[in-house]
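Student: model this:
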Amino acid sequence: MNKKNITCFICSLASGGAEHQLTELCRMLVDRGYVVTIATFADVEDHYPCATGVMRKRIAPNKGKIGKILSIFWYFLRVRTDVVISFGQRESFLCLIPLFFRRKIKVINGERNLTIGRNSRIERILVKWLYRRSDFIVSNSYSQARNIVSLAPNLANKTKTIINYLDTNLYVPSSEPQHNNPLRIGVFCRYAPQKNCERFIRVVELLKNKGLSFRIDWYGNQFGKNGQANDYFMKIKGVADSLDLGDYLYLNNNIKNVNEVMPQYDAICLPSLWEGFSNTIAEAISCGKLMLVSDVSDNSVMVEDNYNGFLFDPTSEEQICGALEKFIHSTSEQRKIMGQRSRERALHLFGAHGFIEEYLKLIEE
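Tutor: Below is the predicted model of the structure:
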């Protein structure tokens, strides 16, 4: 039997959880013999490389907004493919409209974030109208799947949850015990309002004023399109500089070798206001790390309060500060035990069944 042609559609392959997951999915599909293309439309350099055998399509490079939209419509009206897999609500919106005229193509639309209380116009159009064209709606978090069904109960039968993939043989605990003095906390996520940067910086100031000893390294996207400075990064850097946090908070550019850098930290923090199914948390617990994360979306699936880390309300500076203080005052034995529990949880969650088998079921159904 001939393997299907699959077209995957996302804004770009810049740094980010969805981009990473899609490149991994495409690699696995090629390994299974499928013909795979990744199509993008943003004029951004690739952070994640395509695996050997994955074809790369850039739609309407260097065109304006209207030109890109028209080119995307034209692309999906003509593309020769058996299956379209989109990652993100905007991407689903853009491909579903032309695919109403291509009924023989199977469509799998990916929900990659939690939108409770933040229902956009695009989401309202998707759940009311466009998702009728979907064969499956795949959320990477149970929270978002429930949200979609609550907004449109008629979508229940086609809404599925497939949690993110993680290679637990790549993200492994450090072979050497940690002896960091001061204790080091790693933050691996974008500089963006969703990630709660400004409130977190104020928490760092509170901890500094309490005379506590610690160091936080944040790794994120300092640069945007065409190497230009990320305006939001420059804003929060200005805030951090004004508070004289140089010895406590280090703002770094994003990195590709997260699996090599993450194990050196005593804890990993993610203070986001919302998430889908967090890649950062998945990677960190696989590295056997004590976790300091916001109690949103599916974070509590991976992190249990006072078991392998500390959860907090991301809108409360007091709660964030309290969680970090608990970590700073913890003993090395307590941190070791919590880290071991994180690794055990990762091995349980990201076992042999993996997300590729779940996607294959939908592709071949």
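Student: helices and strands around the lowest-mean-pLDDT helix or strand in the chain, which ones?
Tutor: Scoring the helices and strands of the chain by mean pLDDT, DSSP states H and E places helix 354-364 at the bottom, with a mean of 92. On a contact count with 3 or more C-beta pairs under 8 Å, 6 or more residues apart in numbering; DSSP states H and E, helix 354-364 meets helix 17-31, strand 106-111, strand 136-139. In short, each C-beta sits where N, CA and C put it, glycine included.
Student: That helix vs helix 17-31, what angle?
Tutor: In terms of direction (axes from the mean of the first three to the mean of the last three C-alpha atoms, to 10 degrees), helix 354-364 departs from helix 17-31 by 70 degrees.
Student: Of all the residues in helix 354-364, which ones are buried?
Tutor: 355-356, 358-359, 362-363 (16 or more other C-beta atoms under 10 Å).
Student: Make TSV from these and add distance to residue 189 to it.
Tutor: Below are the buried residues of helix 354-364 laid out as TSV (distance: C-beta to C-beta, whole Å):
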residue	distance to residue 189
355	21
356	25
358	25
359	25
362	29
363	30
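Student: Can you name the two of the residues you listed that sit furthest apart?
Tutor: Based on C-beta to C-beta, the longest span within those runs between 355 and 363 and measures 12.3 Å.
Student: what sits in contact with each of the two?
Tutor: Where contact means C-beta atoms under 8 Å, 6 or more residues apart in numbering, no residue is in contact with each of residue 355 and residue 363.
Student: ok, residue 176 - how many residues close by?
Tutor: Look at residue 176: counted by other C-beta atoms under 10 Å, it has 8 neighbours.
Student: Read off the pLDDT value for it.
Tutor: On the pLDDT scale, residue 176 is placed at 81.
Student: ok, and it, which helix or strand is that part of?
Tutor: Residue 176 belongs to no helix or strand when assigned by DSSP states H and E.
Student: on that earlier part again, can you list contacts of the least confident helix or strand of the chain?
Tutor: Applying C-beta under 8 Å, 6+ apart, the contact partners of helix 354-364 are 4, 6, 25, 28-29, 32, 34, 83, 85, 106, 108, 135-136, 138, 160, 162-165.
Student: One more pass at 10 Å, please.
Tutor: Contacts to helix 354-364, defined as C-beta atoms under 10 Å, 6 or more residues apart in numbering, come from residues 1, 3-4, 6, 21, 24-25, 27-29, 31-32, 34, 82-83, 85, 106, 108, 135-136, 138, 140, 158, 160-167.
Student: residue ranges for the strands of the stretch 251-365 of the chain, please.
Tutor: Taking DSSP state E, counting those that start in this stretch, the strands of the stretch 251-365 of the chain run over residues 267-270, 290-294, 309-312.
Student: can you put those strands in a markdown table and add distance to residue 322?
Tutor: Listed next are the strands of the stretch 251-365 of the chain as a markdown table, based on distance: least, C-beta to C-beta, whole Å:
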| stretch | distance to residue 322 |
| --- | --- |
| strand 267-270 | 13 |
| strand 290-294 | 10 |
| strand 309-312 | 7 |
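Student: one step back: can you list the helices and strands packed on helix 354-364 in JSON lines and add distance to residue 340?
Tutor: As requested, the helices and strands packed on helix 354-364 are exported to JSON lines (distance: least, C-beta to C-beta, whole Å):
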{"stretch": "helix 17-31", "distance to residue 340": "25"}
{"stretch": "strand 106-111", "distance to residue 340": "33"}
{"stretch": "strand 136-139", "distance to residue 340": "30"}
